[in-house]
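Visitor: From the sequence below, what's the structure:
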Amino acid sequence: MGKVVLSFTMSLDGFIAGPNVGEQEPMGEGGEQLHQWLFDKTSEVDQEMANGIFSRVGAVILGRRTFDLGLEHWEDTPFPAPSFVLTHETREPMQMKSATFTFTTDGVESVVEQAKVAAAGKDVVVMGANVAQQLLEAGQVDEIVLQIAPILLGRGIRLFDRIGSQQIDLKRTAVIESPLVTHLHFQVL
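Guide: Numbering: from 1, shown residues only. Coordinates of the predicted model:
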């Protein structure tokens with residue numbers, strides 16, 4: 001059975017997007033710098049890590065804001081896998097060239113169940129800070145994969161800003177250094 005994985009690139013000060021996220025700046029001001037490691041083909045380590053993430057994805061869970069801001073840039077589902085948008089708005093599924101966006105209003109546990117079935121044994125990757133925080137708080141996350149970029153954004157959207165007051169214990173399973181980011185892997189206990 002696949003895992004529910006939070007996989008995010010973040011600045012050293014904890015931001016996964018810069019300030020002023022919007023249609024013109026879907027990653028916020030300066031936020032594109034976070035993902036330089038994905039597009040710079042000079043590091044074999046980073047290429048191997050990116051390929052590993054992409055090969056594991058069987059389904060995606062994302063929030064409505066991530067969907068709204070990302071669709072124009074992706075022109076498809078964010079990964080070639082069924083994608084589930086957690087939203088408050090009822091909407092018909094949207095077929096794309098690689099897979100389908102399914103919009104669900106049923107809550108966190110339901111969307112995780114749907115995504116796991118669709119993933120067919122592969123991992124479910126979570127996109128969007130708000131959805132990630134909801135899944136963490138609900139105890140629905142198995143693994144956290146972070147790429148720490150050597151930048152201080154100073155402000156923007158934090159990944160772990162609102163995860164409730166409960167302590168979440170982690171076990172570090174890997175630390176992999178590259179010229180552009182440091183890859184950290186944690187198992188959620």
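Visitor: Who does the helix or strand containing residue 185 pair with, and is each partner parallel or antiparallel?
Guide: Per DSSP states H and E: residue 185 is located in strand 182-188. Strand 182-188 sits in its sheet next to strand 143-149 (antiparallel), strand 170-177 (antiparallel), going by DSSP bridges.
Visitor: Now those in TSV, please, with extra columns for mean neighbour count and distance to residue 102.
Guide: (Each C-beta comes from the backbone N, C-alpha and C, glycine too.) Shown next, in TSV, are the strands paired with strand 182-188 (neighbours: other C-beta atoms under 10 Å; distance: least, C-beta to C-beta, whole Å):
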stretch	mean neighbour count	distance to residue 102
strand 143-149	20	23
strand 170-177	11	30
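Visitor: can you give me the helices for the protein?
Guide: Using DSSP state H, the helices of the chain run over residues 36-39, 44-56, 64-74, 108-119, 129-137.
Visitor: So for the strand holding residue 185, what gets flagged as buried?
Guide: Within strand 182-188, the residues scored as buried using 16 or more other C-beta atoms under 10 Å are 183, 184, 185, 186, 188.
Visitor: Stretch 67-85 too?
Guide: Using 16+ other C-beta under 10 Å as the test for burial, stretch 67-85 gives 67, 69, 70, 71, 77, 78, 79, 81, 82, 83, 84, 85.
Visitor: and if you look at stretch 30-45?
Guide: Neighbour-count burial for stretch 30-45 flags 30, 31, 34, 35, 37, 38 (criterion: 16+ other C-beta under 10 Å).
Visitor: Of these, which is the nearest to residue 17?
Guide: Here the nearest of these to residue 17, counting by C-beta to C-beta, is residue 31; it sits at 4.5 Å.
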